[in-house]
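S.K.: got a structure for you, letters missing:
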């Protein structure tokens, strides 16, 4: 999976605030079950990839995993023991901005029990609280 965008207009982005609930990307579209965030936050690209690997190992090619978030936001940091001033730090990692209600992962082709176990492993790795939801018929 891509850990950062191919190209961006601006290397450094401001932090911003996560306000309100997700109005888009808040329903299960591709799979049968989804992992939905119940609180807002940033999910780093490394965390997204770690979740992908954990889920793939558990479903073992029986089902299909869909990743619904992408790390568009660059997060900067200044080296340790640096004095104040001297401008904004260099981009450290890339993160996906997640609002409450955003569906982060989806899975199809597996039983509900398997999906529950897969998402339990995934949720343990995520920095935001999340829950499992089903596709609305």
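M.R.: Done, it's in. Just so you know, these numbers come straight off a predicted model, no measurement behind them.

S.K.: quick one: residue 124 and residue 19, what's the gap?
M.R.: 27 Å (CB to CB, to the nearest Å). No exception for glycine: its C-beta is placed from N, CA and C like everyone else's.

S.K.: again with residue 41
M.R.: 13 Å.

S.K.: and those two? which has more neighbours close in?
M.R.: The neighbour comparison of residue 41 against residue 19 (other CB atoms under 10 Å) goes to residue 41, with 16 against 7.

S.K.: That one contacts residue 98, doesn't it?
M.R.: Yes - here residue 41 reaches residue 98: they are 5.7 Å apart, a contact under CB atoms under 8 Å.

S.K.: joint contacts of the two?
M.R.: Listed as contacting both residue 41 and residue 98 by CB atoms under 8 Å, 6 or more residues apart in numbering are 18, 128.

S.K.: The protein: strands as residue ranges?
M.R.: Applying DSSP state E to the chain gives strands spanning 33-37, 41-44, 64-67, 73-77, 90-98, 103-108, 130-134.

S.K.: Just send those strands back as TSV, with distance to residue 24 and mean pLDDT too.
M.R.: Supplementary listing: those in TSV, determined by distance: least, CB to CB, whole Å; pLDDT from 0 to 100:
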stretch	distance to residue 24	mean pLDDT
strand 33-37	13	97
strand 41-44	17	97
strand 64-67	16	95
strand 73-77	17	96
strand 90-98	12	96
strand 103-108	10	96
strand 130-134	16	96
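
S.K.: how about those, which one is nearest residue 8?
M.R.: strand 73-77 (7.2 Å; CB to CB).

S.K.: What pairs with that closest one, parallel or antiparallel?
M.R.: Its sheet considered, strand 73-77 pairs with strand 90-98 (antiparallel) by DSSP bridges.
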